[in-house]
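In: Build me a structure from this.
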Amino acid sequence: MWAAVPRDLEERFRPTVERIAEEAAARDRGRDLPFDAVRELRDLGIGRARVAVEEGGLGADWASLTPLLIAIAAADANVPQIFRGHFALVEQALTTSDRGFGDRWIRRVVDGQLTGNAWSEASGSTTSRAGTELRADVGGTLRVSGRKFYTTGSIFAEWTDAVAHRVADGVDVAVLVRLDQPGVTVSDDWDGFGQRGTGTGTIVFDDAVVDAADVLPVAERFGYQTALYQLVLLSVLAGIAHRAVSDAADAVRSRARVYSHGTADRAQDDVQIQALIGELAASAYAVESTVHAVAGAVDDAVAAARAVRDDPGDEALRERARAADAIAEIRAAQAQSFATGAVQTIASRLFDALGASSTARGASLDRHWRNARTVSSHNPVLYKNRWVGAWVLTGDLPQPLWAVGSPSVTARG
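Out: You can find the predicted model right below:
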């Protein structure tokens with residue numbers, strides 16, 4: 001797994017990632033948030049990994065960063081997902097033609113500031129309108145009010161990237177909100193059975209202040225955003241697959257008992273168990289390979305977006321960027337279609353190589369399936385399969401940005 005990580009990134013991060021792995025199972029059992037892990041990775045530069053070296057970052061592209069995220073996910077599946085919203089904000093800063101916005105946010109990122117996510121709402125929104133609202137007060141200051149859920153990463157961060165309905169013109173906008181201010185309450189109330197350490201809870205905005213320079217129509221966000229979000233989740237799934245196989249192999253090697261109707265005096269020599277572990281390891285390798293392919297497609301979309309940034313008036317460049325965004329979305333959907341079933345199967349069938357004792361809570365092997373099932377419930381795969389099928393049959397590309405909420409009168413895409 002580490003063989004795919006560039007040497008400089010491995011030397012920088014591997015000792016810390018291995019320490020994170022040591023307490024991951026205990027954190028899951030106690031539902032303890034990984035504050036120390038996030039802090040250590042931030043201090044090592046994970047948040048500025050995509051920023052150019054000459055600007056204070058690590059200069060990693062997605063082909064380089066994705067194997068590192070897989071390794072971190074193998075250590076603790078919660079941790080890469082925590083940074084998902086932050087990575088998206090960094091991509092916006094790297095590709096926007098608004099150089100003032102980009103420069104300002106790159107400086108904040110290099111200084112170590114993190115941004116969480118707060119786009120979704122459990123209720124109050126439709127598929128075309130956020131329930132949270134942005135208004136100007138009598139003095140002209142912009143203020144945001146509303147209730148957000150699935151605010152992954154925000155409890156660890158200085159900022160959150162939220163969506164609000166701008167009342168003045170009826171446009172949904174992305175707003176960056178400082179979290180350590182009056183009018184913001186962040187709660188750790190996520191009660192899902194998996195990914196319990198992601199801090200995916202509630203944020204309540206009550207007239208929280210927003211800088212007008214940090215407001216952007218959602219439709220103007222970078223075009224490969226949803227593909228990038230899915231790439232991070234796919235990296236989590238690949239890491240879960242690796243850890244599940246590794247844990248199963250360790251458990252097999254440590255078994256002192258065998259079945260009388262087995263084929264060997266040691267469990268690790270039983271050809272049936274060897275075949276099963278081999279099958280699971282092959283599936284984990286295949287999952288990782290598909291995720292690397294998605295990273296390459298995202299890097300292609302990044303290059304196209306930067307070309308538009310540097311020459312925003314060139315319509316041919318814009319068309320190429322739209323095509324690259326769509327292909328990145330298709331590649332992410334294809335990988336998701338395979339990985340969703342494959343990783344859950346790995347996390348379930350590993351118990352067939354062991355026995356009833358492997359279901360003990362202290363073994364914590366159940367966390368792999370719980371985490372994989374939870375990650376796979378984001379952006380449900382059945383809708384992605386339809387996109388891929390339409391693309392194969394007709395060449396139709398997916399809609400560039402989609403939303404979840406109560407039904408809207410807006411036509412479906």
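In: neighbouring strands for the one helix or strand residue 203 maps to, and are they parallel or not?
Out: Per DSSP states H and E, residue 203 falls inside strand 202-210. Strand 202-210 sits in its sheet next to strand 142-148 (antiparallel), strand 184-187 (antiparallel), going by DSSP bridges.
In: OK, contacts around residue 229?
Out: With contact set as C-beta atoms under 8 Å, 6 or more residues apart in numbering, residue 229 has these partners: 84, 88, 379. Heads up, the C-betas are built off the backbone N, CA and C, glycines and all.
In: In helices only, show me these.
Out: Of the positions in these, 84, 88 sit in helices, assigned by DSSP state H.
In: now, which of the contacts of residue 229 sits nearest residue 356?
Out: Using C-beta to C-beta, residue 379 comes nearest to residue 356 of those, at 35.0 Å.
In: The closest residue to that closest one other than its chain neighbours - how many residues pack around it?
Out: In space, and not counting its chain neighbours, residue 379 is closest to residue 230: 6.2 Å by C-beta to C-beta, 6 or more residues apart in numbering. When neighbours are defined as other C-beta atoms under 10 Å, residue 230 has 24 of them.
In: how far away is residue 230 from residue 239?
Out: Distance from residue 230 to residue 239, counting by C-beta to C-beta, to the nearest Å: 15 Å.
In: residue contacts, residue 198?
Out: Applying C-beta under 8 Å, 6+ apart, we find residue 198 in contact with 78, 81, 82, 152, 153, 190.
In: Tell me who's in contact with the third one.
Out: Pointing back at residue 82 there. With C-beta under 8 Å, 6+ apart, residue 82 has these contacts: 34, 38, 116, 152, 153, 156, 198, 199.
In: Let me know the distance separating it from residue 282.
Out: Taken as C-beta to C-beta, the span from residue 82 to residue 282 is 30 Å.
In: so where's this structure shaky on pLDDT?
Out: Scanning the chain for pLDDT under 70 picks out the ranges 409-413.
In: any idea how far the residue lying farthest from the centre of it is from residue 272?
Out: Residue farthest from the centre of the chain, counting by C-alpha atoms, centre = their mean, is residue 260 at 45.2 Å. Noted for residue 260: a distance of 14 Å to residue 272, by C-beta to C-beta.
In: same thing with residue 337?
Out: 30 Å.
In: ok, those two, which is more surrounded?
Out: Neighbour totals were compared for residue 337 and residue 272, and residue 337 leads with 18 against 14 (other C-beta under 10 Å).
In: right, and the more buried one touches residue 385 too?
Out: Yes. Shown here, residue 337 and residue 385 form a contact pair, counting by C-beta atoms under 8 Å, at 5.4 Å.
In: moving C-terminal of the strand holding residue 203, what's the next helix or strand?
Out: Per DSSP H and E, strand 202-210 leads on to strand 215-217 as the next helix or strand towards the C-terminus.
In: Partner strands of that next one, with direction?
Out: Strand 215-217 has these strand partners (DSSP bridges): strand 171-178 (antiparallel).
In: got the buried residues for the partner strand?
Out: Buried residues in strand 171-178, defined by neighbour count with 16 or more other C-beta atoms under 10 Å: 171, 172, 173, 174, 175, 176, 177.
In: Just name the closest of these to residue 104, please.
Out: Looking across the buried residues of strand 171-178 and measuring by C-beta to C-beta, the closest to residue 104 is residue 176, at 10.1 Å.
In: give me the beta-bridge partners of that closest one?
Out: What pairs with residue 176, by the bridge criterion (DSSP bridges), is residue 161.
In: which residues sit in contact with it?
Out: 89, 115, 159, 160, 161, 162, 210, 211, 214.
In: Which positions in the longest helix belonging to the chain come out as buried?
Out: Ranked by residue count, the top helix of the chain under DSSP H comes out as helix 271-310. Neighbour counts using 16+ other C-beta under 10 Å place 273-274, 276-277, 280-281, 283-284, 287-288, 290-292, 294-295, 297-302, 304-305, 307-309 of helix 271-310 among the buried residues.
In: for that helix, packing partners?
Out: Counting by 3 or more C-beta pairs under 8 Å, 6 or more residues apart in numbering; DSSP states H and E, the packing neighbours recorded for helix 271-310 are helix 62-75, helix 84-95, helix 225-254, helix 315-349.
In: tilt between the longest one and helix 225-254?
Out: Computed with axes from the mean of the first three to the mean of the last three C-alpha atoms, to 10 degrees, the direction of helix 315-349 lies at 30 degrees from that of helix 225-254.
In: How far does helix 315-349 sit from its chain's centre?
Out: For helix 315-349, the distance from its own C-alpha centre to the chain's C-alpha centre is 13 Å (C-alpha atoms, centre = their mean, to the nearest Å).
In: List the buried residues in it.
Out: 317-318, 320-322, 324-340, 342-347, 349.
In: Also stretch 46-54?
Out: 46, 47, 48, 49, 50, 51.
In: so can I have CSV of those showing secondary structure and distance to residue 131?
Out: Shown next, in CSV, are the buried residues of stretch 46-54 (DSSP: H, G, I helix; E, B strand; the rest coil; distance: C-beta to C-beta, whole Å):
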residue, secondary structure, distance to residue 131
46, helix, 32
47, helix, 29
48, helix, 33
49, coil, 33
50, coil, 31
51, coil, 34
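In: out of those, who's nearest residue 71?
Out: Closest to residue 71, out of all of the buried residues of stretch 46-54 and judged by C-beta to C-beta, is residue 46, at 11.7 Å.
In: List the contacts of that closest one.
Out: Contacts here follow C-beta under 8 Å, 6+ apart; on that basis residue 46 touches 13, 83.
In: Apply 7 Å and report the result again.
Out: By C-beta atoms under 7 Å, 6 or more residues apart in numbering, the residues touching residue 46 are residue 83.
In: And residue 195, by the same measure?
Out: 77, 78, 81, 371, 374, 375.
In: what about it, which SS state?
Out: coil (DSSP: H, G, I helix; E, B strand; the rest coil).
In: That one and residue 372: what is the separation?
Out: The gap separating residue 195 from residue 372 is 9 Å, by C-beta to C-beta.
In: swap in residue 267?
Out: 24 Å.
In: what about those two, which has more around it?
Out: With neighbours defined as other C-beta under 10 Å, residue 267 and residue 372 compare such that residue 372 has more, 28 against 22.
In: if I pick the closest residue to the more buried one other than its chain neighbours, what's in contact with it?
Out: Counting by C-beta to C-beta, 6+ apart, the nearest residue to residue 372 once its immediate chain neighbours are dropped is residue 343, at 4.5 Å. Neighbouring residues of residue 343 by C-beta under 7 Å, 6+ apart: 237, 240, 241, 287, 372.
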